[in-house]
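This is a predicted model, with the sequence first.
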Amino acid sequence: MSDLSLFLGQFLRRPSEIRAIAPTGRAVAREMARLITPEMQAVAEIGAGTGTITQAILASGLPPERLALYELNAAFCARLQARFPGAMVYNLPAQEMVNIGRQDLDAVISGVPTLPMPDELQAAIVGAALAVMKPGAPFVQITYGPAPPLSGTVRARFGLRHQKSPRIWANLPPARVYVFRQARER
């Protein structure tokens, strides 16, 4: 079964769980992974879906055993395990990453649809990521909307500053990538 077929099938079965209308395109995936280098020791991808972004992360030269993937959808997890046998795949929500034991992450790449989430859920996801990331490490987030994918309240709570990519039209729907980092002093 193709990634698109799997994605659409899961979208129809679990519309409240799958918020995008198609898997992430390759151009967005490359932008999401552009900060990843082979020298990084530990990277996490949350909301890994069918693995388009995962593929771009590994294409950067990062060894798969240094990559942890978090995905709520069990069918997507099975696909991720089959496609990326060296990566660690967790069928868990992003907030649970603090309970896995990995620390000092060099980056967290997020395909989780944070924009429509309430501030409390955004804060739980971002807070969990920041708790296991190295100081100043990037939290990379995709969005399809015109506003930053994390609310002003959440950004202020964690002292986050951001940079955004130009809109990437080669995606359905067009997307933008934000790179959030905690300010050095809060």
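Nice, I can see it. Numbering: from 1, shown residues only.

Report the separation between the residue nearest in space to the middle of the chain and H162.
Closest residue to the average C-alpha location of the chain: S110 at 1.5 Å, with Cα atoms, centre = their mean. For S110, the distance to H162 equals 13 Å [Cβ to Cβ, to the nearest Å]. For the C-beta atoms, the positions are set from N, CA and C on the backbone; glycine is no exception.

Repeat that for A74.
Using Cβ to Cβ, A74 is found at 32 Å from H162.

quick one: which of the two has more around it?
Set A74 next to H162 and count neighbours by other Cβ atoms under 10 Å: H162 wins out with 15 against 10.

other SSEs contacting the longest helix that the chain contains?
In the chain, taking DSSP state H as the definition, the longest helix is helix 119-132. Applying 3 or more Cβ pairs under 8 Å, 6 or more residues apart in numbering; DSSP states H and E, we find helix 119-132 packed against strand 43-46, strand 107-110, strand 139-143, helix 152-158.

Can you give me the pLDDT of G101?
G101 carries a pLDDT value of 77.

now R186
So R186 comes in at 47 (pLDDT).

same deal with K164?
Here, the pLDDT recorded for K164 equals 97.

Go through the helices and strands packed on helix 119-132 and name the closest to M117.
Proximity to M117 (Cβ to Cβ) singles out helix 152-158 among those, at 9.4 Å.

Which secondary structure state is assigned to H162?
strand (DSSP: H, G, I helix; E, B strand; the rest coil).

ok so, going back, what's next to the longest helix of the chain, contact-wise?
Outside helix 119-132, the residues that touch it by Cβ atoms under 8 Å, 6 or more residues apart in numbering are 44, 46, 93-98, 102-105, 108, 110, 112, 114, 117, 139, 150-151, 153-154, 157-158, 160, 180, 182.

can we see that at 6 Å?
Contacts of helix 119-132 from elsewhere in the structure, counted by Cβ atoms under 6 Å, 6 or more residues apart in numbering, are 94-95, 97-98, 102-103, 105, 108, 114, 139, 150-151, 153-154, 158.

Only whichever of these are buried, select them in PyMOL.
A single PyMOL command is used to select the members of the contacts of helix 119-132 judged buried by 16 or more other Cβ atoms under 10 Å:
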select buried, resi 94+95+97+98+105+108+114+139+150+151+154+158
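
quick check, nearest of the contacts of helix 119-132 to P174?
T114 (17.4 Å).

Give me the distance between the closest one and L58.
24 Å.

Same question for F76.
Distance from F76 to L58, counting by Cβ to Cβ: 17 Å.

Point out where the chain drops to low pLDDT.
Where the chain drops to pLDDT under 70, the residues are 1-23, 184-186.
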